[in-house]
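*Asks:* this one's sequence-less:
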């Protein structure tokens, strides 16, 4: 009986190690990227673009937006280059913008 228990313990140890290696392999997953679009209106061109940036982050993650507003950083996301299409109108300027945002 002791030999059976010892073999069962060895099996459990090997199975546990294999399972742990299998789970560890999944931690190196690829970045998740997605495209977002938004609209902003303000009295200045820079203000309208800022409004677009806010909308893009709010549509992604409210925590990322709050961090960006407080520090100018988005530690959980790559918030890269944005493309804007702006015109005069509304309260001054109206911009539509897009960005590809990647979760780190």
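*Replies:* Structure's in. What do you need? As the structure is a prediction and not an experimental result, all values here were calculated from the model.
*Asks:* quick one, domains of this structure?
*Replies:* 1-29, 32-103 (automatic domain parsing).
*Asks:* what is the mean pLDDT for stretch 79-87?
*Replies:* When pLDDT is averaged along stretch 79-87, the result is 93.
*Asks:* any stretches of the chain with poor pLDDT?
*Replies:* Counting by pLDDT under 70, the chain contains low-confidence ranges at 1-30.
*Asks:* can you tell me the element residue 93 falls in?
*Replies:* strand 92-103 (DSSP states H and E).
*Asks:* residues in contact with the helix or strand harbouring residue 56?
*Replies:* Applying DSSP H and E as the criterion places residue 56 in helix 45-58. Defining contact as CB atoms under 8 Å, 6 or more residues apart in numbering, one finds that helix 45-58 is touched by 36-42, 64-65, 68-69, 74, 79, 82, 84, 86, 92-97, 99, 101. Where you see a C-beta, it was placed from the backbone N, CA and C, and this is true even at glycine.
*Asks:* swap in stretch 93-104?
*Replies:* Taking CB under 8 Å, 6+ apart as the rule, stretch 93-104 contacts 31-45, 47-49, 51-53, 56-57, 60, 75-88.
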